[in-house]
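In: sequence and predicted model, in that order:
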Amino acid sequence: EPEVTQTPSHQVTQMGQEVILRCVPISNHLYFYWYRQILGQKVEFLVSFYNNEISEKSEIFDDQFSVERPDGSNFTLKIRSTKLEDSAMYFCASSRTSGTRPRDEQYFGPGTRLTVT
Amino acid sequence: QQQVKQSPQSLIVQKGGISIINCAYENTAFDYFPWYQQFPGKGPALLIAIRPDVSEKKEGRFTISFNKSAKQFSLHIMDSQPGDSATYFCAASGWGFKTIFGAGTRLFVKA
């Protein structure tokens, strides 16, 4: 069964450093998402992406964050200058489309644990 | 208006019992209500979902009950098993609205 994959599984970085989290969505999906989950807390929406542009973003997704689909398979989240409070699990998700609207069913990857020291 | 309130925070159920988790939403524009199951160290996995045009949906041991007028929906796990022990999140979304997750319920099923 196709699945969303994410690399690395765990990333440790120092405060102020840039990190790039990578995701390979399911191959026939066209809507992509990033979420984060601070340890023990709820899953929070960061951004959705379709047709090479951001379709929606949350207030968490500030200028320190960016997303990119650098090729036909990868979807990345970049944090330019990490802060201690960026430490969390970051989940990528993808969904198919129905016309230009995303299908509601989202499939999540296993996550990348980001630790900022 | 964008919140989804979930209760209880944690739940302990005997094997074979019924687990019930409740959620309430505020935004009447939401039109899709999924439940996700998350095991430690894993991503959320879609378990079952409902749209507001039906009041109940059942898939195996899992049932969603939906009350549109009260803006509430709940997950019932029948014949709960130790393998069901996980964190369960309700969520709500709609066209043009980001997916909002509830705070999660940690379910422990005692053998």
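Out: Perfect, I can see it now. Residues are numbered from 1 along each chain as shown, chains lettered A, B, ... in the order given.
In: and stretch A:26-37, which residues are buried?
Out: Of the residues in stretch A:26-37, those buried by neighbour count under the rule 16 or more other C-beta atoms under 10 Å in any protein chain shown are A:I26, A:H29, A:L30, A:Y31, A:F32, A:Y33, A:W34, A:Y35, A:R36, A:Q37. Backbone N, C-alpha and C define where each C-beta goes, glycine included.
In: and what of stretch B:92-104?
Out: Of all the residues in stretch B:92-104, those buried under the rule 16+ other C-beta under 10 Å are B:A92, B:S93, B:G94, B:F97, B:K98, B:T99, B:I100, B:F101, B:G102, B:A103, B:G104.
In: again with stretch A:107-117
Out: Of the residues in stretch A:107-117, those with enough neighbours to count as buried (16+ other C-beta under 10 Å) are A:Y107, A:F108, A:G109, A:P110, A:G111, A:T112, A:R113, A:L114, A:V116.
In: for residue 25, give me the pLDDT.
Out: Went with chain A since none was named. For A:P25, the model assigns a pLDDT of 96.
In: please go with chain B instead
Out: Per-residue confidence (pLDDT) for B:Y25: 95.
In: which residues pair with it across the strands?
Out: On DSSP bridges, the residues paired with B:Y25 through beta bridges are B:V4.
In: what about the closest residue to chain A within chain B, neighbour count?
Out: Residue of chain B nearest chain A, by C-beta to the nearest C-beta: B:G43 (3.6 Å). Residues contacting B:G43 under the criterion other C-beta atoms under 10 Å in any protein chain shown number 22.
In: now for it: which residues touch it?
Out: Shown in contact with B:G43 (C-beta atoms under 8 Å, 6 or more residues apart in numbering or on different chains): A:V4, A:F91, A:A93, A:F108, A:G109, A:P110, A:G111.
In: and what of B:R51?
Out: By C-beta under 8 Å, 6+ apart, the contact set of B:R51 is B:D31, B:Y32, B:F33.
In: so which of these sit within strands?
Out: The strands in this structure, assigned by DSSP state E, contain B:F33 from the contacts of B:R51.
In: closest one to B:S19 out of the contacts of B:R51, please.
Out: Distance to B:S19, by C-beta to C-beta, is smallest for B:F33 among the contacts of B:R51, at 17.6 Å.
In: what helix or strand is the residue most central in space within chain A on?
Out: With distances taken as C-alpha atoms, centre = their mean, the residue of chain A nearest its centroid is A:W34 (2.8 Å). Take DSSP states H and E as the rule and A:W34 turns out to sit in strand A:31-37.
In: average pLDDT across that strand?
Out: Along strand A:31-37, the predicted confidence averages to a pLDDT of 94.
In: excluding chain neighbours, what is closest to the closest residue to chain B within chain A?
Out: Of chain A, the residue with the smallest distance to chain B, taken as C-beta to the nearest C-beta, is A:F108 at 3.6 Å. The shortest distance from A:F108 to any residue other than its chain neighbours is 3.6 Å, reached at B:G43 (C-beta to C-beta, 6 or more residues apart in numbering or on different chains).
In: on that earlier part again, residues in contact with the helix or strand that the strand holding A:W34 is followed by?
Out: Scanning the chain past strand A:31-37 towards its C-terminal end, the next helix or strand to appear is strand A:43-50 (assignment: DSSP H and E). When contacts are taken as C-beta under 8 Å, 6+ apart, the neighbours of strand A:43-50 outside the stretch itself are A:30-38, A:54-58, A:60-61, A:65, A:67, A:69, A:75, A:77, A:90-91, A:97, A:100, A:102, B:36, B:44, B:89, B:91, B:98-101.
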